[in-house]
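Student: the sequence and its predicted three-dimensional model are supplied below.
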Number of protein chains: 2
Amino acid sequence: MKVGVLQLNAMVGDIDGNCAAIRQGMAEARAMGADLCLTPELAVTGYPPRDLLLYDRFVARARAAVDALARELEDDAPGGPPLLLGGVEPNPCTLGKPVFNAAFWCEGGAIRRTFRKTLLPTYDVFDEARYFEPAPAEHNACGEQANIIKHQGRTIAVTICEDAWNDKDYWETRVYPRDPLEEAAAHGPDLIVNLSASPLFLGKQRLREDMLGAVAHKYRVPLVYANQTGGNDDLIFDGRSCAFGPDGRLTGRAPGFAPAVAVFDLDAPRPGAIADDDFGREAETWRALVMGTRDYVRKSGFSSALIGLSGGIDSAVTAAVAAEALGPENVTGVLMPSPYSSQGSVDDSLALAANLGISTLTLPIAPIMDAFTRALAVPFAGLPEDTTEENIQSRIRGNLLMALSNKRGAMLLTTGNKSELAVGYCTIYGDMSGGFAVISDVDKTGVFALARWHNAHVREAIPEATITKPPSAELRPDQKDQDSLPPYDVLDAILALHIEHHRSARQIVEAGFDPTTVDRVLRLVRSAEFKRRQAAPGIKLTPRSFGTGWRMPLACRREI
Amino acid sequence: MKVGVLQLNAMVGDIDGNCAAIRQGMAEARAMGADLCLTPELAVTGYPPRDLLLYDRFVARARAAVDALARELEDDAPGGPPLLLGGVEPNPCTLGKPVFNAAFWCEGGAIRRTFRKTLLPTYDVFDEARYFEPAPAEHNACGEQANIIKHQGRTIAVTICEDAWNDKDYWETRVYPRDPLEEAAAHGPDLIVNLSASPLFLGKQRLREDMLGAVAHKYRVPLVYANQTGGNDDLIFDGRSCAFGPDGRLTGRAPGFAPAVAVFDLDAPRPGAIADDDFGREAETWRALVMGTRDYVRKSGFSSALIGLSGGIDSAVTAAVAAEALGPENVTGVLMPSPYSSQGSVDDSLALAANLGISTLTLPIAPIMDAFTRALAVPFAGLPEDTTEENIQSRIRGNLLMALSNKRGAMLLTTGNKSELAVGYCTIYGDMSGGFAVISDVDKTGVFALARWHNAHVREAIPEATITKPPSAELRPDQKDQDSLPPYDVLDAILALHIEHHRSARQIVEAGFDPTTVDRVLRLVRSAEFKRRQAAPGIKLTPRSFGTGWRMPLACRREI
């Protein structure tokens, strides 16, 4: 049996566009001899549709699109291979959430069977229990059947994403009491398929392939996994749909970070069916940032972007990503030197822009700074300078950048990294202004590594001085980041323990860090929460980013 | 039996402070003769603790505080009345979410029984399935018992918030298959108690009293309901803890919007046990805004606030709320006239400030506007003026206000209403700048009603001209809101249907609105989503506000 996977870049909410892409993908898969095709999870609506699901008209339209697509596929190729299509199904009962996360078996111009997702991830960025009713545990008043279907003499177990992620032999701790795979296994399947929308964190594909291979091996059946690709807001779907033999070995893999139609022959896997890939940290980061930026900008209806260039490494890396994502001709770097800006920073910015092939604009801000100083002369009389004056500069730059963004219709990209966002080393409404925060889930240490990797593997574009000089916000004379913050290697290690591993201050000290430093860093993290609440969305790369999955109280006491 | 309710204003995360307040409340309740006391839900941690619950040290500290408090209560009054205390319990199993939302029966210096919440609200602002494992349906490996306990010869059914909100005779549609009240009723209880943290929406108390009374009547037992009070970020807890007789009639109610220790005598309800209240829309709005603003500012560690005064009704109402919440001596109104500001607006702002007793500062922005015009002369050469120039003004004001906020340590309050935030009639990083958005869930029609109500019932402080003149942003000559937007009564009706009732464009047209207007309004709503994502938190007053419960995709196609 040949199973086709439509690894598509779905646009959330674009029911018509997504269905058109599926129809096109089916034509390709048929041409490649597919006997059965799969889409990713919720392919009709795109994943995640979030609160669009609260609109019953949206759910009804998405459901009606499945019928229409089933008919169209039959018109396109009468008697063609069936399609397992991810979509939504209104719950006909008055008990429970109003929608099921479903997979529709479309065959012969109609829906032959509907499968419902059982395990609804509700953690980190996932809110599925907010929207969906799980598949009932047994036959009930609304009429349920097991999640298996026969096709070409094979018994196929149908699972949707999380349904395959709860094997008791694989996981030491588990969230869900049910295991839909085990339930299906009781029916002796010959094939397991899984429709997924599995967002990336760095290194996740190794985990997926290990876990899915273990499941295939456990039940001694081949397994085919279809994943979405593309960026949807903060989430990056890296594709890499794949197939496993009954021995658990990987037999096929679609490309990463790109749409693809892949046909996996279960009976005679081709030697070249496993696409080359690079699971290295920087390579994966780069591909995710480029795809995520391109998709966010374009799916928002923009084609060009603006970036404030400071001469520092954050804006340099952000500009490199944007140039790759949108084409250098669509990116403008804006230099806004103040009296505290060094000539080196200006030179480095111009060199970077020339290397990347992006255009620049230079708008000195000293006259505007002077106007603010005069406007505030009375209320500030006699008061010492402090961070207020630094923030004014940053907000002047934010205003200039947003003015250019508004006038030109170009999206402003912010350049802050995760370390800064964690400790609040950034100005709200200043350098935090912008529509998308490209590197907001890359810590400063990671930004340095990415800059070096970029220069070695993509293009020698980021000036050496930008990488080697001590980081500075250049908001007062001779300022250096390390005057206010611990060394970045120490800071980033503490932040990872606290943010990604949920370690308390005491636990971090027990791991060997200086108590005073730990207390200071965690105090900074607490007091920056209000800034993060108003931050632009950014690309999630770690298991715990400051995005939709970060839900901290604000006006609270937070001694953890 | 006399049941004491500790209707406290819990600070999220402040385990020590919350426990100290509970101990103090217990002393008061004992003095009033209570035989049993209840706290609200999660009284130890405050509600909602949100992602603090992902830190196992936090959960462990909150659990340990229950033991400590039980001992302290016994020390304070040996043999005193038991306390049913809302808190968290680590899940001892490796299956399921790691925490239970629990109620601890503290008696004789120790925990006599632990009850677990069964129904976990996961909709709108509630994310309980993200954090909590529900109470198991039956005895299981971890050892479960029914949610009843005996005390003074009575059988008491213990429920936590949502557990009481799923009666099949009361609700036409229900989310949960289980009904913990029905489960408890099988044991023939003599009393139902409910520990709640039930956030306000306008009119909710009527629903609570009707529903809880129906439940008491159905099971023919008295019912005592304990609710949290105070503001925690966007959520307002209005208190109004109450008691019902076995006939379903209200027998007691604690005050709204204030901490209280109330003792309800189940056997002989006092005539004065039902506190006076006002469920009127404007009265409830006013009290919620005042308490929410006070708590957000103070729980954030601030004592004073700044507001940009435009002469318009939104900033006038916001200033009135702030003056009431923080004391007029702690509020400063900042006038930032431009060449487009009318003298009337300046006069109205000064009159308002004088009436409220708040101080003012006047900072004209024309010189800064000129400096921006010069800085942007080259990139803007030959391009027509558009909203860019309006946004620059608004962002200049935002920068000045934030500078004052930074220098003085006063929180900047934003003044935008829900109608503006819905259609994007506001400038991101401009007038949207600030720590708290006081009236962001009051639509423009509601702001007018609140202003009139305020002048009639609180203080004749808002100038008549501010209420009667046509609203204007005054960002260009002779600008009026109605040049860009439909009349506010039409706009607000369409917005309520779309935002609060999840009606699609077609459904709104079917309700009798002009198709062109509906399409225009909904297009504006869609295209302002990026602004709302970066908006300050604000006070939730409706069943559907633009806060933590509004989770829309950004880069999407949103035709609903």
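Tutor: Okay, I see it.

Student: can you find the helix or strand in chain A with the smallest mean pLDDT?
Tutor: helix A:481-484 (a mean of 84; mean pLDDT, DSSP states H and E).

Student: next secondary structure after that helix?
Tutor: Using DSSP states H and E, the helix or strand that follows helix A:481-484 in sequence is helix A:488-495.

Student: and A:Arg503, which of the three is it?
Tutor: Taking DSSP: H, G, I helix; E, B strand; the rest coil as the rule, one finds A:Arg503 in the coil state.

Student: sorry, back to before: what packs against the least confident helix or strand of chain A?
Tutor: In terms of contacts (3 or more C-beta pairs under 8 Å, 6 or more residues apart in numbering or on different chains; DSSP states H and E), helix A:481-484 is not packed against any helix or strand. All C-beta spots, glycine's among them, are computed from the backbone N, C-alpha and C.

Student: next, count neighbours for A:Val490.
Tutor: Residues near A:Val490, counting by other C-beta atoms under 10 Å in any protein chain shown, number 15.

Student: in which helix or strand does the residue lying closest to it once chain neighbours are set aside reside?
Tutor: The shortest distance from A:Val490 to any non-neighbouring residue, by C-beta to C-beta, 6 or more residues apart in numbering or on different chains, is to A:Thr517 (6.6 Å). For A:Thr517, the host element (DSSP H and E) is helix A:515-527.

Student: what's the burial count for the closest residue to A:Met32 other than its chain neighbours?
Tutor: Excluding its sequence neighbours, the residue lying closest to A:Met32 (C-beta to C-beta, 6+ apart) is A:Val263, at 4.2 Å. For A:Val263, the neighbour count with other C-beta under 10 Å is 23.

Student: check what pLDDT A:Val263 gets.
Tutor: Note for A:Val263: predicted pLDDT of 98.

Student: quick one: residues contacting it.
Tutor: A:Lys2, A:Val3, A:Gly4, A:Val5, A:Ala29, A:Met32, A:Gly33, A:Ala34 (C-beta atoms under 8 Å, 6 or more residues apart in numbering or on different chains).

Student: keep only those of these that are in helices.
Tutor: In helices, judged by DSSP state H, the following of the contacts of A:Val263 are found: A:Ala29.

Student: give me the nearest residue to the residue in the stretch 401-550 of chain A that chain B sits nearest to, chain neighbours excluded.
Tutor: Across the stretch 401-550 of chain A, the shortest distance to chain B (C-beta to the nearest C-beta) belongs to A:Ser504, at 3.6 Å. What sits nearest to A:Ser504 in space, not counting adjacent residues and going by C-beta to C-beta, 6+ apart, is B:Arg57, at 3.6 Å.

Student: for chain A, give me the ranges with low pLDDT.
Tutor: The model of chain A has pLDDT under 70 over residues A:138-145.

Student: and the residue of it most remote from its centre, how far from B:Ile358?
Tutor: What lies farthest from the middle of chain A is A:Gly382; by C-alpha atoms, centre = their mean that is 48.3 Å. Separation of A:Gly382 from B:Ile358 (C-beta to C-beta, to the nearest Å) stands at 23 Å.

Student: and chain B, is the helix or strand where A:Gly25 lies touching that?
Tutor: If you go by DSSP H and E, A:Gly25 is part of helix A:15-31. Yes - judged by C-beta under 8 Å from any C-beta of the partner chain, helix A:15-31 and chain B are in contact via A:Gly17.

Student: outside of that helix itself, list whatever touches it.
Tutor: With contact meaning C-beta under 8 Å, 6+ apart, helix A:15-31 is reached by A:4, A:6, A:8-11, A:37, A:39, A:43-46, A:61-62, A:65, A:68-69, A:72-73, A:76-77, A:80-81, A:83, A:85, A:261, A:263, B:557.

Student: in ChimeraX, select just the buried ones from these.
Tutor: Of those, the buried ones can be selected in ChimeraX as follows, counting by 16 or more other C-beta atoms under 10 Å in any protein chain shown:
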select /A:4,6,8,9,10,11,37,39,43,44,45,46,61,62,65,69,72,73,80,81,83,85,261,263 /B:557
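
Student: now, which of the contacts of helix A:15-31 lie within helices?
Tutor: Counted as lying in helices by DSSP H, out of the contacts of helix A:15-31, are A:Arg61, A:Ala62, A:Ala65, A:Ala68, A:Leu69, A:Glu72, A:Leu73, A:Asp76.

Student: residue contacts, the last one?
Tutor: By C-beta under 8 Å, 6+ apart, the residues touching A:Asp76 are A:Arg23, A:Met26, A:Ala27.

Student: just give me the neighbour total for the last one.
Tutor: Put plainly, it is A:Ala27. Neighbours around A:Ala27, by other C-beta under 10 Å: 15.

Student: relative to chain B, how far out is it?
Tutor: A:Ala27 is 23 Å from chain B, where distance means C-beta to the nearest C-beta, to the nearest Å.

Student: and the second one, by the same measure?
Tutor: Shown here: A:Met26 relative to chain B, a distance of 21 Å by C-beta to the nearest C-beta.

Student: over to A:Arg71?
Tutor: To chain B, A:Arg71 is 22 Å away according to C-beta to the nearest C-beta.

Student: quick one: neighbours of that residue, just the number.
Tutor: Neighbour count of A:Arg71, defined by other C-beta under 10 Å: 14.

Student: need the residue closest to the centroid of chain A.
Tutor: Nearest to the geometric centre of chain A sits A:Leu235, at 2.1 Å (C-alpha atoms, centre = their mean).

Student: surely that residue meets A:Val12?
Tutor: No - A:Leu235 is not in contact with A:Val12 according to C-beta atoms under 8 Å; the separation is 9.8 Å.

Student: any idea how far A:Arg112 lies from A:Thr159?
Tutor: 18 Å.

Student: okay, the two: which has more neighbours?
Tutor: The residue with more neighbours, out of A:Arg112 and A:Thr159, is A:Thr159; 26 against 13, by other C-beta under 10 Å.

Student: shouldn't that one be within a strand?
Tutor: Yes - under three-state DSSP, A:Thr159 falls within a strand.

Student: correct me, but it touches A:Val193?
Tutor: Yes - in this structure A:Thr159 lies within contact range of A:Val193 using C-beta under 8 Å: 7.0 Å.
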